[in-house]
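Asker: Got a predicted structure here, sequence first:
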Amino acid sequence: MMAIFLMTSWNKIFGPRESLIPSSCKAVLVMLNKRIPATWSTQCEGKTKNNLFINMHTHIKAADDLTLKKALYRTLANNLVFIAKNSPADSLERVDIVRLKMNHHKIEINAITEGKDIIKFSTMKDPDFIKDHLKLTVQVQEKIK
């Protein structure tokens, strides 16, 4: 009885430990953090900690702005495929929102989608299907610096 009393008092005083609350986002990060490049940073965000945020830094060189945008969007699509293939499918499917931020010294691209839509990238082989699925499911915002 004393142990139960102490545990409930501990949670009331200090609150529940964030690290002990399970979420699909944390399950995705366990596997994804082992495989991501050093220029990426990841975290779970939101009230329920079930939204995934990925910040990417890229150093693509291009002759003009149009070529740069094409290269950045191709990199965005490739990174979404990478995330889909290197994450546990059942956990990524239950992640609510996935937010990606690609930083370049000329332009910043913010993309938002759902985990259930990203998981479909893992089975797609045809670039046209990937492009169409990207247009349908990913919302993008560009900020020119």
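Answerer: Arrived safely.
Asker: hmm, which helix or strand of the protein has the shakiest average pLDDT?
Answerer: The helix or strand of the chain with the lowest confidence, counting by mean pLDDT, DSSP states H and E, is helix 2-14 at a mean of 65.
Asker: excluding its backbone neighbours, what's nearest residue 24?
Answerer: Distance criterion Cβ to Cβ, 6 or more residues apart in numbering; nearest residue to residue 24, sequence neighbours excluded, is residue 94 at 3.9 Å. (C-beta placed from N, C-alpha, C; glycine too.)
Asker: check contacts around that neighbour.
Answerer: Applying Cβ atoms under 8 Å, 6 or more residues apart in numbering to residue 94 gives the contacts 24, 50, 115.
Asker: again with residue 103
Answerer: Residues near residue 103 by Cβ under 8 Å, 6+ apart: 55, 56, 57, 58.
Asker: and the gap between the second one and residue 123?
Answerer: As for residue 56, its distance to residue 123 is 23 Å (criterion: Cβ to Cβ, to the nearest Å).
Asker: More neighbours: the two, which one.
Answerer: residue 56 (19 against 10; other Cβ atoms under 10 Å).
Asker: ok, and the closest non-adjacent residue to residue 69?
Answerer: residue 107 (7.2 Å).
Asker: What of residue 62?
Answerer: residue 68 (3.8 Å).
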